[in-house]
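Enquirer: need a structure here:
(chains A and B)
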Amino acid sequence: MKKIETKMIGISLAAALLLGSSAYAGTIVGATAGDGYTTPSQQFSFGGWNLENVAVKITDTNYTEIAKTFNTTDGSYDSMTYGDSFESVIFDQPNGTIMGKLHGKDWPVGEPAGIKIINGDTKVKNGKPENCIMTTSFLSEDDTGTGVSGYLDAVQPVPTICSSPFQSHKRFKINMQPATVDEVTLGEFGNPIDIVFNVTPDTKTMRYQVFQKINNYTGMRLDGYKVEVLGADNNPDGNLTLSLGLGENDGDDIWTYNQLAKFSSGLWGPVDTRHDRDEGFFDKINAGFYVSLTTTNRVESGNTLGSNYTALFGKWLPYEWLPTGIFWDDDNDPETEAELVAFWGTTPTQDFANDTPSWHKGQADNWGEPSAQEFLAWSTDPLYSIDEIEDTVNVGVNYIVVIGAGYTQSTFTLRITPKVALDQDKPSYETTLPTYPDIIDGTIVINPSLFIINDNISIGVKDSVDMNDSLIDTITVLVTTDNGDSETITLTETNETSSIFTALVPTNGEDVMQNNAIINVIDGSIVTATYKGNTATTTASGTAVTPPEEDDEHGIVGDTPVDTDGAPAGGGGGGCSYNPMDKSFDMMFLIILFLGLLYPARKLLRK
Amino acid sequence: MLRRLDIRYGVSFLFTPLFAIFYIAIFKQTYVNIHTVLSDYWSLFFLIFFYPFFEELAFRGLIQGYISRKTNHYTFNSVLSLANIITSILFASIHFVHHHPVLAALTFFPSLLLGYFKEHYQNVIPSILLHMYYNIWSLLLII
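Expert: Alright, predicted model coming up:
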C-alpha cells in the first residue's frame, strides 16, 4: 500500500516538475536574459543581426546623419547624448537599393543598431517563446522594478528583454521604403526587405518571438504584407518555419486573431481594463489584418479586421498621407503617447476621397466637431499640440520563428514584403488642408475646467482688437476664487499675429495670499477669470478638486501587481483565505483562528 | 477497502497539477511576484502552514462535523455527504473576500476532496496535509 501511495506522490511531483520547467534553447547570437549591461557605447547583445546589408547611422532625432559612427564589426559606437538617435538602412544587397529603414527609440532610451536577440527568458508567460528578436531599448524607472531609471544615461542601464512590461518599447520598426513597391502591379506583392540573422548550430529546436512593427513609408497604399523565413541561400528550409502561436498556450492560442497584425489599439481597439486603456479613438474594433500561415515558412495577411479604418482613410495609408490630429499630453511626459482628441478628415459615413474634411472628435463623441471654445482651450494649453497621426501607418505584427534542431547554416533571413493596394485614392484631407475656426474676440477659457489642486491651469484669451501685429502683446486677466483669492495674471500672445493670449498658472491648497501669482484653492473652489477687453468683458470658470489619494487596494502595492479586476491575485491551488496583499491580521484571520481553535477546545472540554 | 482509500488519497495529490492547469487555462497569466512571495517567509509560513492547519480545523473539523450531525450523516451514493457540500460552499465563500471570484469559486472542488478524506479517515490530519500540499503547489504554478 505504501508503495502505491509513494508512486502516486512521485507521479504528482514529477508532474509538478514537468509543469514548472520549460524547454531552454537559444542559438541566434545574442545575450541571455539576466545578462547585465557592462560596456558603455557598445550595443548590448550585439552580433545576432547580420549587418552585411545594413548601414547603421547615428543621427539627430530627425534622422539626419551626424558626425558619429557605429562599428558594425563589434557594435561599438561614438558616445551619444541627448538629441541623438539612429537609423539602420537596409539594402537589398551590400550598398544596393534602400529597401527599409529600421528605427528604435532615441538615445537614452534606445541605442543603435536597433535589433538585439534575447535568449532564455524564463519569465515569459502565456506560452510565448523564451527567446526573442526585439529592439535595442532600455527600461524606464517605471519598468525596472527598482524605481531607478534603466536608461542609458543612468548609472546602471537595464536592457529590455522578452518579458519586459507592456509598452516598454520592445518593438523595432521597419519603415518600408518606396523601392519595395517600385514597378509593382497594383494588387500584387512588392519587393522584399531582408533581415539576416547569425545562427550558432544547436541540437535543440528554438522559438523566437519577433517584436516588430512594419510601417508604410512606400509612398503607396498597401493591402497587406507577407513574412517569410528563408535559409542562407534564400530558399525555404525544412528546419525553418514560422508560427502564429496557435495552440501553443497550453492548448490555447498565444494571440487572438485580432492581435496578429494590428494598428494602434489606442486608435482602434476595445476597452483594455488590464492596461487601463479606453476604447479606441476611431473605433472599438481593432484595425489591421487577418493573418494566416500559408506555408510552413510564410505568414500572409488577408482581409482587414472589420474596423472603420478603410471607411475613414481607405486602404493602409502611406506616410505621405498621414492625417493631422490634435493631441493632449495627458501626463505631461513626452516619453509616453499623447492622447488624440480631434482629427482633420471625414467620418466613416462620408466618402474619404471626395467629401470635404473638417475637424472631428472621436467615435465616443459621435464624431462631433470641436467648438471654438475648445479650440481656444487647446491652442492656449501647452499640453495640446497639432501633429500627424503616425500610428495610422504603423502595423504591429506578432509571429514566431522556429529554428529546427537540424538547421546547420550560419544565417537565416526574415523577408518582409508589402502588398500594394488596388485602391490608391488620395484622401480629401490631403488636398483640403486643415483650417481653424474663427474665435470671437473676447473669448476666454480656463483649461481644464475641472482641475486638480496643485496642478497648473491654462488661461486663454482671443482678442485681436487694437493689437500690434509686429509685437508680441500682453493682456491682463483678473482671477478670483470663491474662497477669497484674487490674482492679476498677465497673458502673453503666442506669436506676433495670433491674437491668442495664454498663461499657465500654478494652483495649490495653501492659505490664501492675494497677488502672489498662485491660485490658492480648496476642494470645490470656483475659479473665475475675467477679461476686460477692448469691446467687452468676458468670464470663464473652473472648479478645483482634491488630488485622488493613492489606493493600495486597486493599485500596485510594493512589488506585487494586482489582477485586472483590482482584486488581489491568489496564488492558485488552495489559495486559502489568506490575503496575499496584506500582512495585517484582518477579520478573516481572526475568524479562522477562532473556529480552528474551537475544534480542539471542544474535544478537550468533552473529555 | 483500506487499499482503495489510500489509492484515492494518492490520486488526490495528482488532482493539484490538474487544477493548476485548469487555473492557468482560465487566468492565462499569474500576477503575483513570486520573488516577493518567496523572500517573505512570513507569507510563506501563513500560506503553507498556518491557514491550511486552522482552516481544516475550522471547516473540516468543526463546521463539517457539526453539519454532519445535524443532517444525520446524510450522504449521496456513499461518497459525498451533504455536510461536505455545505461546508465546501462555505469554504469557497470565504475565499471571495481576498481572491478573484473565479478562483474563489473553484476552491469548492478541492474542498470537497478535503472533506471527503476527513470523513473517510475520521481524522482531520490527512486533510491538513493535503491542503498544505495544495498550497505549496499554488506557489509552484506561479514560478
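
Enquirer: Mind picking out the helix or strand in chain B with the poorest mean pLDDT?
Expert: One helix or strand of chain B scores below all others by mean pLDDT, DSSP states H and E: helix B:34-38, with a mean of 48.

Enquirer: residues from the stretch 201-350 of chain A in reach of chain B?
Expert: Residues of the stretch 201-350 of chain A found near chain B (Cβ under 8 Å from any Cβ of the partner chain) are A:N249, A:D250, A:G251, A:D252. For glycine as for every other residue, the C-beta is placed from the backbone atoms N, C-alpha and C.

Enquirer: Provide a list of residues in contact with A:V291.
Expert: A:L244, A:Y257, A:L260, A:A261, A:V299, A:E300, A:S301, A:G302, A:V397, A:Y399 (Cβ atoms under 8 Å, 6 or more residues apart in numbering or on different chains).

Enquirer: Which strands and helices lie in contact with the helix or strand where A:I58 lies?
Expert: According to DSSP states H and E, A:I58 maps onto strand A:54-60. Counting contacts by 3 or more Cβ pairs under 8 Å, 6 or more residues apart in numbering or on different chains; DSSP states H and E, strand A:54-60 packs against strand A:84-91.

Enquirer: in terms of contact count, name the helices or strands touching the strand it packs on.
Expert: So strand A:84-91, by 3+ Cβ pairs under 8 Å, 6+ apart, packs with strand A:54-60, strand A:98-103, strand A:193-198.

Enquirer: and the residue of the stretch 201-350 of chain A found nearest chain B, how many neighbours does it have?
Expert: Nearest residue of the stretch 201-350 of chain A to chain B, counting by Cβ to the nearest Cβ: A:D250, 5.7 Å away. By other Cβ atoms under 10 Å in any protein chain shown, 13 other residues sit near A:D250.

Enquirer: Then A:Q156?
Expert: By other Cβ under 10 Å, the residues close to A:Q156 number 12.

Enquirer: residues in contact with A:D469?
Expert: Going by Cβ under 8 Å, 6+ apart, A:D469 touches A:E496, A:T497.

Enquirer: those strands in chain B, which residues are they?
Expert: Secondary structure of chain B (DSSP state E): strands located at B:75-76, B:80-81.

Enquirer: Looking at the ones you listed, which one is packed in the most?
Expert: strand B:80-81 (a mean of 19; mean count of other Cβ atoms under 10 Å in any protein chain shown).

Enquirer: Return the distance of that strand from the chain's centre.
Expert: Centroid separation for strand B:80-81 versus its chain: 15 Å, with Cα atoms, centre = their mean, to the nearest Å.

Enquirer: for the record, mean pLDDT for that strand?
Expert: The average pLDDT within strand B:80-81 is 90.

Enquirer: That strand pairs with which strands, and in what direction?
Expert: Partners of strand B:80-81 in the sheet, by DSSP bridges, are strand B:75-76 (antiparallel).

Enquirer: now the partner strand, how far from the centre of its chain.
Expert: 20 Å.

Enquirer: Rounded mean pLDDT for that strand, please.
Expert: Here the average pLDDT along strand B:75-76 is 86.

Enquirer: Please report the distance of the closest residue to chain A within chain B from B:P126.
Expert: Here chain B gets closest to chain A at one residue, B:G10, 2.7 Å apart by Cβ to the nearest Cβ. To B:P126, B:G10 is 11 Å away according to Cβ to Cβ, to the nearest Å.

Enquirer: got it, and B:S93?
Expert: On the measure of Cβ to Cβ, B:S93 and B:P126 end up 23 Å apart.

Enquirer: and what of A:K57?
Expert: 70 Å.

Enquirer: those helices in chain A, which residues are they?
Expert: A:2-20, A:309-313, A:372-380, A:587-606 (DSSP state H).

Enquirer: Let me know the pLDDT of the nearest residue to A:S428 once chain neighbours are set aside.
Expert: In space, A:S428 comes closest to A:P357 once its chain neighbours are excluded; the distance is 5.2 Å by Cβ to Cβ, 6 or more residues apart in numbering or on different chains. What the model reports as pLDDT for A:P357 is 96.

Enquirer: Repeat that for the one 4 residues further on.
Expert: The predicted local confidence for A:K361 comes out at a pLDDT of 95.

Enquirer: Kindly report the same for A:I161.
Expert: Listed pLDDT for A:I161 reads 95.

Enquirer: beta partners of A:K532?
Expert: A:K532 has these beta-bridge partners by DSSP bridges: A:T537.

Enquirer: Number of residues surrounding it?
Expert: Neighbours of A:K532 (other Cβ under 10 Å): 12.

Enquirer: Find the closest residue to chain B in the stretch 301-450 of chain A.
Expert: A:N398 (15.5 Å).

Enquirer: No more questions from me, cheers.
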